[in-house]
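1. Have a look at this prediction, sequence included:
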Amino acid sequence: MPPVARPKINEYSPLVPRFWHGMPAHVWFPLLAKNGFRISPSRWPLAISVSLFTASTAMMSLAQRLFFGKAIANTTIERPPIFVLGHWRSGTTLLHEYLSLDDRLASPTTFQCFAPWHFLLTEGLVTRFGGFLLPEKRPMDNMKAGWALPQEDEFALMNLGAPTPYLRILFPNHPVPYMDTLSTQDFEPAHLESWKRHLDWFLKAVTYKTQKRLLLKSPPHTGRVGILRGMYPDAKFVHITRDPRKLYPSTLKLWNSLDTVQSLQSTTEPSQLQAFVIQSLKSMYSAFEIDRASLAPDQLIEVTYEELIADPVAVVGRIYDQLEMGSYDDVRKRLTERVQSEKNYQTNKLELSPEEEAFVLNEWHDYAARYGYLR
């Protein structure tokens, strides 16, 4: 029986789920208080709707703990996870979705990241009948959206109450919280303990449900390789890079798109966002260049967005070979079909002025030089 077709709701409606709708009261209300309840008048209906929703989140969370708490705690992550690394807008989502065509792997879904507290109880029902609540495409790049598609586990961490800079989405005009969590070397000890506990619990919960090897993608993990390897010693890492002159405007568009729909503040201060984007890459890659030295050749492979777009089948095949991920035959067939179906897809055309280009190459010089984008 196919899902029931229902009319789409305007994406600005308070009824449309935001990434942080899954926060329980003990995460949500302290967050509002910490930010002085400085919510734009037009966003108060949204804040009220989420506040009312926290009661049901608490009940479903309690039920999940009662039914599945012991099973999750007893779950072991036996097969080393595979992490897709790279700055926002470097092609991590595309690469993640290509790799997820392997049915031997499992990635956290959008719903699991939206509702980590109770997805074991509610995912089937919501994904079957609640598809009308989401837009058909992502606002920043027109890629397909959906409850069952692979998603960044960083959103699950945010909803669980772990320290993450993704909390800037709610209050983009305030100082970005937890910037230390973008770097292995800068992580504050108290934040690290909480972050590791929440991540491990979530990965165990997804493993319990899927019983598969995990494929994970979250740009902030780029600066956490040392921590992730400490938690999962045999983990594999796929790192993707892109021309910084494309990364910068695309990342600004990403966060502006998220702020427009997701934020509790109606406008975003451009200089604040620009500073966040510039500093994030510096923090993540300063840590990555240190952490990568401890990885074996079969643990890390690097690809570029440009070569992935040019020949995705060959690039993904190279990833399978170097990381020793098993047979590529079935994945090659599925990927070839997908690439053919997307051959008319058009990426956003974002251009920089000569002054902006000089600014980006100066601020991100080390990245541009190391990965060959100064030529």
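-> Received it, and whenever you're ready, just let me know what you need. Numbering: from 1, shown residues only.
2. Spatially central residue for the chain, please.
-> In the chain, the C-alpha closest to the average C-alpha coordinate belongs to residue 152, at a distance of 2.5 Å (Cα atoms, centre = their mean).
3. Please identify the nearest residue in space to that one, excluding sequence neighbours.
-> With Cβ to Cβ, 6 or more residues apart in numbering as the criterion, residue 152 has its nearest non-adjacent residue at 4.5 Å, and that residue is residue 218. The way it works is simple: take the backbone N, C-alpha and C, and place the C-beta from them, glycine included.
4. And the pLDDT for the residue nearest to the centre of the chain?
-> With respect to pLDDT, residue 152 scores 96.
5. Only the buried residues of the strand or helix carrying residue 120, if you could.
-> Using DSSP states H and E, residue 120 sits within helix 119-129. Residues 119, 120, 122, 123, 126, 127 are the ones in helix 119-129 that count as buried (16 or more other Cβ atoms under 10 Å).
6. Closest one of those to residue 274?
-> Taking Cβ to Cβ as the measure, residue 274 sits nearest to residue 119 out of the buried residues of helix 119-129, at 35.2 Å.
7. so where is this structure shaky, pLDDT-wise?
-> For the chain, residues meeting the criterion pLDDT under 70 lie at 1-18, 128-145, 345-348.
8. The same query, at a cut-off of 80, please.
-> Filtered on pLDDT under 80, the chain yields the residue ranges 1-21, 125-147, 343-350, 375.
9. The residue nearest to residue 152 and residue 228, how far apart?
-> Going from residue 218 to residue 228 by Cβ to Cβ, to the nearest Å gives 10 Å.
10. Residue 106 too?
-> Counting by Cβ to Cβ, the gap between residue 106 and residue 228 amounts to 17 Å.
11. One more: residue 99?
-> 17 Å.
12. What of residue 342?
-> Using Cβ to Cβ, residue 342 is found at 30 Å from residue 228.
13. These two: which is more packed in?
-> Neighbour totals were compared for residue 342 and residue 228, and residue 228 leads with 20 against 12 (other Cβ atoms under 10 Å).
14. Please name every helix or strand in contact with the helix or strand the more buried one falls within.
-> Using DSSP H and E, residue 228 falls within helix 225-231. Secondary structure elements in contact with helix 225-231, counted by 3 or more Cβ pairs under 8 Å, 6 or more residues apart in numbering; DSSP states H and E, are strand 82-85, helix 189-210, helix 270-291.
15. Save the ones you listed as TSV, and put in distance to residue 51 and mean neighbour count too.
-> Supplementary listing: the helices and strands packed on helix 225-231 in TSV, determined by distance: least, Cβ to Cβ, whole Å; neighbours: other Cβ atoms under 10 Å:
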stretch	distance to residue 51	mean neighbour count
strand 82-85	35	27
helix 189-210	22	18
helix 270-291	26	18
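16. out of those, which comes closest to residue 335?
-> strand 82-85 (15.1 Å).
17. mind listing what that closest one pairs with, with the direction of each?
-> Here strand 82-85 is paired, per DSSP bridges, with strand 213-217 (parallel), strand 236-241 (parallel).
18. okay if I get those as JSON lines plus distance to residue 74?
-> As requested, the strands paired with strand 82-85 are exported to JSON lines (distance: least, Cβ to Cβ, whole Å):
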{"stretch": "strand 213-217", "distance to residue 74": "17"}
{"stretch": "strand 236-241", "distance to residue 74": "25"}
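19. Can you tell me which of the ones you listed is nearest to residue 334?
-> Nearest of the strands paired with strand 82-85 (Cβ to Cβ): strand 213-217, 14.3 Å.
20. could you give the angle of that closest one to helix 189-210?
-> Relative orientation of strand 213-217 and helix 189-210, computed by axes from the mean of the first three to the mean of the last three Cα atoms, to 10 degrees: 130 degrees.
21. chain center to strand 213-217, what's the gap?
-> The chain centroid and the centroid of strand 213-217 are separated by 12 Å under Cα atoms, centre = their mean, to the nearest Å.
22. Please apply the same query to stretch 231-239.
-> When C-alpha coordinates are averaged (Cα atoms, centre = their mean), stretch 231-239 and its chain have centres 17 Å apart.
23. Now that stretch - C-alpha only, PDB.
-> As requested, the backbone C-alpha atoms of stretch 231-239 are provided in PDB (Å, rounded to 0.1, in the frame of the first residue of the first chain):
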ATOM      1  CA  MET A 231      37.000   5.700  19.700                       C
ATOM      2  CA  TYR A 232      37.000   3.400  16.700                       C
ATOM      3  CA  PRO A 233      40.600   2.500  16.000                       C
ATOM      4  CA  ASP A 234      40.000   0.700  12.700                       C
ATOM      5  CA  ALA A 235      37.700   3.400  11.200                       C
ATOM      6  CA  LYS A 236      38.000   4.400   7.600                       C
ATOM      7  CA  PHE A 237      38.000   8.000   6.300                       C
ATOM      8  CA  VAL A 238      37.100   9.400   2.800                       C
ATOM      9  CA  HIS A 239      38.200  13.000   2.500                       C
END
